[in-house]
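**Student:** predicted coordinates and the sequence they were generated for:
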Protein chains: 2
Amino acid sequence: MNPADGVYCTFSSSLRGTGAWPRIGRIGLATQSGLVGTYCIALLTERGAGFSHYVATGNEADVDVAACIAWLAQDDATEVILTYLEGCRDGARLREALALCAARGKPVVAMKVGVSEAGAAATASHTGTLAGNDAGYQAAFDAAGVWRARSLEEAADVAVACTAGKLPRGKRLGVITVSGGAGALLADAAAEDGLEMPELPEEAQRKIRALVPFASPRNPVDATAQTANDRTLLNRMMAIMMGEEGEPARFDLFIAFLGFIAENADSFAITMPALEELRRRYPETAFILSMRGTAEQRRELLDKGFFLCEDPNEALRAATALAHLGTRRTQLAAAAATPAIAAPKPLPAGPLDEAASRRALADAGIPFVPERVARSAAEAAEAARELGLPVALKVLSPDLAHKSDVGGVRLGLRDAAEVEAAYAAMMRRVRGAAPQARIVGALVSPMVQGGVETVLGVHRDPVFGPVVMFGLGGVFVEVFRDVAFRLAPLTRAEALAQIDSIRGRALLEGARGRPRMDKGAIADALVALSRFAAAHAGEVASVEINPFIALPEGGLGVDAVILRG
Amino acid sequence: MNPADGVYCTFSSSLRGTGAWPRIGRIGLATQSGLVGTYCIALLTERGAGFSHYVATGNEADVDVAACIAWLAQDDATEVILTYLEGCRDGARLREALALCAARGKPVVAMKVGVSEAGAAATASHTGTLAGNDAGYQAAFDAAGVWRARSLEEAADVAVACTAGKLPRGKRLGVITVSGGAGALLADAAAEDGLEMPELPEEAQRKIRALVPFASPRNPVDATAQTANDRTLLNRMMAIMMGEEGEPARFDLFIAFLGFIAENADSFAITMPALEELRRRYPETAFILSMRGTAEQRRELLDKGFFLCEDPNEALRAATALAHLGTRRTQLAAAAATPAIAAPKPLPAGPLDEAASRRALADAGIPFVPERVARSAAEAAEAARELGLPVALKVLSPDLAHKSDVGGVRLGLRDAAEVEAAYAAMMRRVRGAAPQARIVGALVSPMVQGGVETVLGVHRDPVFGPVVMFGLGGVFVEVFRDVAFRLAPLTRAEALAQIDSIRGRALLEGARGRPRMDKGAIADALVALSRFAAAHAGEVASVEINPFIALPEGGLGVDAVILRG
């Protein structure tokens, strides 16, 4: 559909409905479901917004949704892109299309389904595309600063809010309400979403209290129901909140919860000019009004630079999305282009045992615990003396990926005699448990203490290629699923953001009186791993460095497995 | 407001707005914010529903929201209760009111704000009530089976959905759509919310494929846009999904995503009788329609037993709420009355050292690791020999709550000589670090191995009294906040549900090849702790059993601290 040219190529009956006719506007839609797309258009119309173009790509026999997004990124009539995705066949094309949107500064709002098993089955039968692993999509969205909406209404809200004004450059939120209840609700939601609500300066609070002694003056400001007795109170309080004319804006985002004010023409006639004056004075601030309103009022307000969102929680969610899109756009603009990947050193032929895996990763710039290969008990004891006791002993075999299952790992060996005895016992145990395995000997390495165990990994996503994983060790990954994924290759800033995005990051930051670990060293290792993975994308199926021990200074990989395929 | 009697005692201008006049209905509202209440009424009206009574309690100078909820529980015109809360002064009254609703089988939908610091500050200035700790409110809601809504729109959706028919008794969801996209979206959301989507029997799938070969026949069923060519397809597929007449219902909940069908009078005239026939045939199943519709259509459909919810994610959330309210109502009805708390053994006078704390809790029925008080190094060594080595040694003092901070804990002592030496060294260290502390001696106890560390605790909530906490040890509680709270006293079923509600429960259930721990023993300890806390509610400020080691059979407390106050 292209409403500017009056083209509506659809078999949908949505346009003969009881809703208003769609407006021409600045939102471009590219969806993999025709009905979901027309539904979104109805939601945009209801919110007072219009669209530039709408393409539903059906089974993508030729044109895919990535091509449509790329086209919209270059279309001057389109300022915001709304997409609904079930899956895509060519991840690289989608990444390029999203990067193009980022380069043009156009926010992208995406709804991606097919996350659950049942959802993936449903999309498979719908469009026949590979739903892929959600981690890859999430990583692709993160890399391009896409806002991932959790419902169609949220997607429509955020897209429309983007067209109401400029994207904010920060997360400072000001809130005024005519109901203390709505203020508390908005403050709760802002705290949950990580928006900042700076308290008003003392002087501003004093002025607000002078107008209504029982008002809440901090932020959220509760103007109270007194505003129904004196309609100018609200205007005066909003002006106090925003500060003196000429001063820099106090807030990047401003939400006014005004209840039923728009249903009362007299009241609204008093309030509206004040809002418009603030809108004019603070062009960099995003204004959202949460109140009851008609479709016509939504349209008029949107044209004046205000997004009207009835439900206060939805309004707050839209504010969060705007703050994300705005701050992320600034970060993406500031980020240097990804450095070129140097020509990789070829991997040795055949399956890689642990020593070869470590060597390849160490060549790529990832530090590992020093170790020696011992082919006898005596060699093991000598290596232990040279490396420094206590040591760990691990069986070395190209055929054994899970050494501890066959008794092939011993930790904390304290002296040479213990090392010799452990070597002999280990060889007996492993030969008994895995008679077919080729055993080269054992790896001897010093025990690393005083660090935090992390896991660095890469897997090949069927759609997006190598995806880098970061998490803390063991149960944190396996039980709590506290892991973060990014597409390879990574910049250092992206790697640091990846580390900071896990819930357990406090363990790296000195929680419970522990020393603070060197996140920079982890980031360096992630960057090196991501470049290794990108360079060998065609021949490496997965890499796992588990554990990589983060230390107060630096960090050291201990075990590594590279799987070809 | 009491619309049945035409009473509208409010200064709100909401009734002169452009919206429809409120309907008389079966939802009772009790709120702590007048504007939020009238806002909710507007949301109910928009959804086609009415209300029986609406009370806003203002500053609660006399009547509080708990009294209103209790009144509504006993009001024959009210079937569902919607409440908005900022805080309450008398937790016991609120609990009684919610229990009364549960006893009468009336679902309660609550929106509680003031969770964040800024939100609590906002509510404090609004109504002057103590916002209290959210854990207490959440525990009170859990105990009474209340659905806690996360937005006003969700609260309105759920309350209205409750009035459309009977509450479902299970979580089996059937979904049909005219768009594969919406099906995938609903399947994702159902998986996230824990609803079950049983696959249709082979025979039913075959019948659906016979109608439209490229339909998705499993569940969600995608009837596809073919339904626009033949409007009877949808009806036939829905009938196939539901099964043969007379057979028990396959689904407790049924969502049909029908897009724009209600905007097309011809189509809708074909579909509606089929829906009504299914509604009649399956009175125990909750029916939710997700489609575009007018306020008038929402009202008509609601009167026919269908909740119309435009956004599919919101529709799914309402289904989840119905399933929660229905299954929880069944559980509450089945639960035996809480047993009476036996007269407690009085606590010894003065501050309680660890030995006294353990003794009091052991008397209450909580098993502890055996231990001996040693007043000299020789006594410590003898105790270790009798209890079995290796042992732990902990300084015993009524003045030291955090023993390890002063060097007062040694673990894994392997023989008598090590115990003697450790005792002497510990006394020197502790006297150096805490010269004022009275030192009785040390506690000797055997090391417990092969278990999982948990924490059992109680704190006194300012509104609800003793609240029981359960979590796994250390970082799981402190970093991941993976804890669950319940009000004391607890039944065993509630304690088991509390244990199962933490994310880390997999560690108790044999994750990563470990043995399965005895959750029943933890539950017994939680029940005993909760009764102890309830019996001593007036004099005990907090209890912490940290760790309580869950074992494959049984469980043992190790450390215990009771604080008076």
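**Tutor:** Yep, it's here. Residues are numbered from 1 along each chain as shown, chains lettered A, B, ... in the order given.
**Student:** so which residues on the stretch 451-565 of chain A come close to chain B?
**Tutor:** Counting by CB under 8 Å from any CB of the partner chain, the residues of the stretch 451-565 of chain A close to chain B are A:474-475, A:478-480, A:482, A:503-504, A:506-507, A:511-512. Bear in mind the C-beta positions are built from the backbone N, C-alpha and C, glycine included.
**Student:** need the max-distance pair from those.
**Tutor:** The distance between the two most remote of those (CB to CB) is 21.5 Å, for A:478 and A:512.
**Student:** which one of those two has more residues nearby?
**Tutor:** Set residue A:478 next to residue A:512 and count neighbours by other CB atoms under 10 Å in any protein chain shown: residue A:478 wins out with 16 against 10.
**Student:** look at the closest residue to that one other than its chain neighbours and report its pLDDT.
**Tutor:** Spatial nearest neighbour of residue A:478, excluding adjacent residues (CB to CB, 6 or more residues apart in numbering or on different chains): residue B:512 at 6.1 Å. pLDDT for residue B:512: 72.
**Student:** contacting residues around residue B:512?
**Tutor:** Residues counted as contacts of residue B:512 (CB atoms under 8 Å, 6 or more residues apart in numbering or on different chains) are A:474-475, A:478-479.
**Student:** which members of these are classed as buried?
**Tutor:** By neighbour count, with 16 or more other CB atoms under 10 Å in any protein chain shown, the contacts of residue B:512 hold A:475, A:478-479 as buried.
**Student:** show me where the stretch 151-300 of chain A has its helices.
**Tutor:** In the stretch 151-300 of chain A, the helices defined using DSSP state H, counting those that start in this stretch lie at A:152-163, A:180-193, A:202-211, A:232-242, A:265-281, A:295-303.
**Student:** I'd like the ones you listed written out as TSV, with mean pLDDT, distance to chain B and mean neighbour count added.
**Tutor:** As requested, the helices of the stretch 151-300 of chain A are exported to TSV (pLDDT from 0 to 100; distance: least, CB to the nearest CB, whole Å; neighbours: other CB atoms under 10 Å in any protein chain shown):
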stretch	mean pLDDT	distance to chain B	mean neighbour count
helix A:152-163	98	5	26
helix A:180-193	93	3	27
helix A:202-211	96	11	16
helix A:232-242	95	13	20
helix A:265-281	93	7	15
helix A:295-303	95	9	18
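**Student:** would you reformat these as JSON lines and include distance to residue B:365?
**Tutor:** Shown next, in JSON lines, are the helices of the stretch 151-300 of chain A (distance: least, CB to CB, whole Å):
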{"stretch": "helix A:152-163", "distance to residue B:365": "50"}
{"stretch": "helix A:180-193", "distance to residue B:365": "39"}
{"stretch": "helix A:202-211", "distance to residue B:365": "53"}
{"stretch": "helix A:232-242", "distance to residue B:365": "57"}
{"stretch": "helix A:265-281", "distance to residue B:365": "63"}
{"stretch": "helix A:295-303", "distance to residue B:365": "62"}
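**Student:** contacts only, for the spatially closest residue to residue A:214 that is not a sequence neighbour.
**Tutor:** Closest residue to residue A:214 apart from its sequence neighbours, by CB to CB, 6+ apart: residue A:224 at 6.4 Å. With contacts taken as CB under 8 Å, 6+ apart, residue A:224 has the following neighbours: A:178, A:180, A:212, A:214-216.
**Student:** which ones among the residues of the stretch 451-565 of chain A next to chain B map onto helices?
**Tutor:** A:475, A:478 (DSSP state H).
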